[in-house]
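**Student:** I'd like to go over a predicted model; first the sequence, then the structure.
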Amino acid sequence: MNELQGKGRINEVRQCAPCLCYQAVQTFINETWLERYGEEIPEQLLTFLWSSIVSIFTIGGLIGASVGGTLAIRFGRKGTLLFNNSFALLAALLMGMSYYASAFELLILGRFLSGVNAGVGICVQPLYLGEIAPRALRGAMAMGTSIFITGGILTGQVMGLTELLGKEDYWPLLLSTTCIPALLQLLILPWFPESPRYLLIDRGDDSACNLALKQLHGGENYHGEREDMERERASATGVKPLKPWELFADKNLRWPLFTIITISIAQQLNGINAIYFYAEYVFAEAGIPFEKIPYATVGTGACECLTALTCGLLIDSLGRRVLIIGGYLLMSLWCICFTITLTFQTYSSWMPYLSMACVFAFILSFGLGPGGVTNILITELFTQTARPAAYMIGGSVNWLSFFFIGMVFPFIVNGLQQYCFLVFLVVCCLVATFIFFVVPETKNKTFLEIQSEFLRRKRTKLTATKGSDPLLSTSL
């Protein structure tokens, strides 16, 4: 009985909590249909169109991630990021004009292009940051991707408040604000150099590489980075950038490839989406008025942004393994606690407050480890010729997992209710165990040293001998 009451309460909260953009867009679709055909749109078709608007973003992201690595090889990391802004600008224009043109099709197309922009950006931006960063600061700089993603989520939550652009009439303007980051990048990024590794290893342009290194590291402090690049170039002599399917064929890259596939899947299937699903219900049960719940939701966004900043400060001192393993273990703990508090939600007046604490603790643990470290590992586990293809695979798997959890999660919640977190508990424990036994520490190591560590572990398992010298080159 308590479970049925809890389920009904969740539905009540989600219906009563402000969802102005959702309501406004559906009203717009209905009015457009009525204007075109003289009758109201069928409810099932309205639901289908709304679902298309939501899910088309994921399809666009998958396509963007699938081509991002190829674009990064052809046009360079910086060139691809600049070109990618065209998708964001066109998407903002289409979504903003959809209302005035009375064409919800433009909204669907705009969402698709916005997804392509996100897919390419999430693939190429950490690739660029990881390649231009000094070895000692590579983790902190690569965390910039997670910091700005969480900052963007927080900004969107704030701008969606009714005091700003959350009013029903403002939804076209709210969706059009996606052009602001694109315009800022078009103004700022041209002043930064192309990736020196790309210039030297992929293009063979020594002079351009030296200029880029001097601009990034100073006129006298770039020689150490240049030496690392020269060793990596020597190991890749005569080898063209690999295609995604060629990574699967290379036996030396199978464990790094299996690692990024595993952590990319886990980033979506670890329960973070379930936490956000239950957040509104938990806040309401804690006594927060319905109209104030969006402000509590902003608090979750601020929490995740804060932990991304904290992770950026700690990652080059504590290392990647400590943060990502610790993050998954803490998330496992909060899955247990959250299941218990949700089960006994109505037994005590203070239980909802424990549930609310679990929400923030889970988000903190996610941001401190898996949310930030995953993209960095994709950069560090591969050398220059394999890295773009690795990002294509990792990004595609991530978007597919995002689509999968979006499709399956409602059925999991309906079937298991609060016990769905036991599923995520298993996922978090398995991934933490896998990383502990398989993934080496990458802090302050060159890309060749990291790959050699994988090869040494593989050779140790195959030969069962000790004392072997570490490999300094690969089959590349």
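**Tutor:** Ah, there it is. Predicted model only: the values in this text are computed from it and were never measured. Residues are numbered from 1 along each chain as shown.
**Student:** Sketch out the strands for the protein, chain order is fine.
**Tutor:** Assigned by DSSP state E, the chain shows no strands.
**Student:** hey, which helix or strand in it has the poorest pLDDT?
**Tutor:** helix 2-16 (a mean of 40; mean pLDDT, DSSP states H and E).
**Student:** Could you tell me how far stretch 405-418 lies from the centre of the chain?
**Tutor:** Its chain's C-alpha centre and that of stretch 405-418 lie 21 Å apart, by CA atoms, centre = their mean, to the nearest Å.
**Student:** I'd like the mean pLDDT over stretch 426-433, please.
**Tutor:** Averaging pLDDT along stretch 426-433 gives 94.
**Student:** Please shift the residue numbers so they start at 766 in all later answers.
**Tutor:** Got it, first residue is 766 now, which makes that one stretch 1191-1198.
**Student:** List the contacts of that stretch.
**Tutor:** Residues outside stretch 1191-1198 that contact it (CB atoms under 8 Å, 6 or more residues apart in numbering): 1027-1028, 1031, 1034-1036, 1090, 1093-1094, 1096-1097, 1100, 1135. To be clear about C-beta, it is placed using only N, CA and C from the backbone, and glycine gets the same treatment.
**Student:** Compare those and tell me which is most surrounded.
**Tutor:** residue 1096 (31 neighbours; other CB atoms under 10 Å).
**Student:** Can you report how many residues neighbour residue 1191?
**Tutor:** 12.
**Student:** Equivalent analysis for residue 1083, please.
**Tutor:** Neighbours of residue 1083 (other CB under 10 Å): 14.
**Student:** now swap in residue 800 and tell me
**Tutor:** Applying other CB under 10 Å, I find that residue 800 has 9 neighbouring residues.
**Student:** Excluding covalently adjacent residues, which one is nearest to it?
**Tutor:** Excluding the flanking residues, the one nearest residue 800 by CB to CB, 6 or more residues apart in numbering is residue 867, at 6.2 Å.
**Student:** Look up phi and psi at that neighbour.
**Tutor:** For residue 867, the backbone dihedrals (degrees, to the nearest 10) come out as phi 50, psi 50.
**Student:** residues touching it, list them.
**Tutor:** 797, 800-801.
**Student:** Residue 908 against residue 1075, yeah?
**Tutor:** No. With contact defined as CB atoms under 8 Å, residue 908 does not reach residue 1075; the gap is 9.8 Å.
**Student:** who has more neighbours, the two?
**Tutor:** Higher neighbour count among residue 908 and residue 1075: residue 908, with 26 against 16, using other CB under 10 Å.
**Student:** Which residues are in contact with the more buried one?
**Tutor:** Counted by CB under 8 Å, 6+ apart, residue 908 has contacts 1073, 1076-1077, 1080, 1137, 1141.
**Student:** Sort out which one of these lies nearest residue 995 for me.
**Tutor:** Taking CB to CB as the measure, residue 995 sits nearest to residue 1141 out of these, at 23.6 Å.
**Student:** And the closest one, how far from residue 902?
**Tutor:** Distance of residue 1141 to residue 902, computed by CB to CB, to the nearest Å: 12 Å.
**Student:** Which one of these two is surrounded by more residues?
**Tutor:** More crowded of residue 1141 and residue 902, by other CB under 10 Å: residue 1141, with 27 against 12.
**Student:** from what I can see that one touches residue 894, true?
**Tutor:** No. Assessed by CB under 8 Å, residue 1141 is found out of contact with residue 894, at 9.1 Å.
**Student:** overlap in contacts of these two?
**Tutor:** residue 907.
**Student:** May I have the predicted confidence score for the residue nearest to residue 1211 when sequence neighbours are not counted?
**Tutor:** Spatial nearest neighbour of residue 1211, excluding adjacent residues (CB to CB, 6+ apart): residue 993 at 5.0 Å. Model confidence at residue 993, expressed as pLDDT, equals 83.
**Student:** In the stretch 766-915 of the chain, where is pLDDT below threshold?
**Tutor:** The model of the stretch 766-915 of the chain has pLDDT under 70 over residues 766-787.
**Student:** change it to 80
**Tutor:** For the stretch 766-915 of the chain, the stretches with pLDDT under 80 are 766-788.
**Student:** count of residues packed around residue 1176?
**Tutor:** By the criterion of other CB under 10 Å, residue 1176 has 10 neighbours.
**Student:** I'd assumed residue 940 was in contact with residue 857.
**Tutor:** Yes. If you go by CB under 8 Å, residue 857 and residue 940 touch, sitting 7.3 Å apart.
**Student:** intersection of neighbour lists for those two?
**Tutor:** Common contact partners of residue 857 and residue 940 (CB under 8 Å, 6+ apart): residue 875.
**Student:** Next up, the contacts around the closest residue to residue 1134 other than its chain neighbours.
**Tutor:** Among residues not flanking residue 1134 along the chain, residue 1092 sits closest, at 1.9 Å (CB to CB, 6+ apart). Contact partners of residue 1092, counting by CB under 8 Å, 6+ apart, are 1130-1131, 1133-1136, 1138.
**Student:** Let me know the closest of the residues you listed to residue 1190.
**Tutor:** Out of the contacts of residue 1092, the member with the shortest distance to residue 1190 (by CB to CB) is residue 1130, at 12.7 Å.
**Student:** For residue 899, see how far away that closest one is.
**Tutor:** Distance from residue 1130 to residue 899, by CB to CB: 29 Å.
**Student:** now swap in residue 979 and tell me
**Tutor:** According to CB to CB, residue 979 and residue 899 sit 13 Å apart.
**Student:** got it, and residue 800?
**Tutor:** To residue 899, residue 800 is 58 Å away according to CB to CB.
**Student:** Equivalent analysis for residue 1076, please.
**Tutor:** Applying CB to CB, the value for residue 1076 to residue 899 is 18 Å.
**Student:** Between those two, tell me which one has more neighbours.
**Tutor:** residue 1076 (26 against 15).
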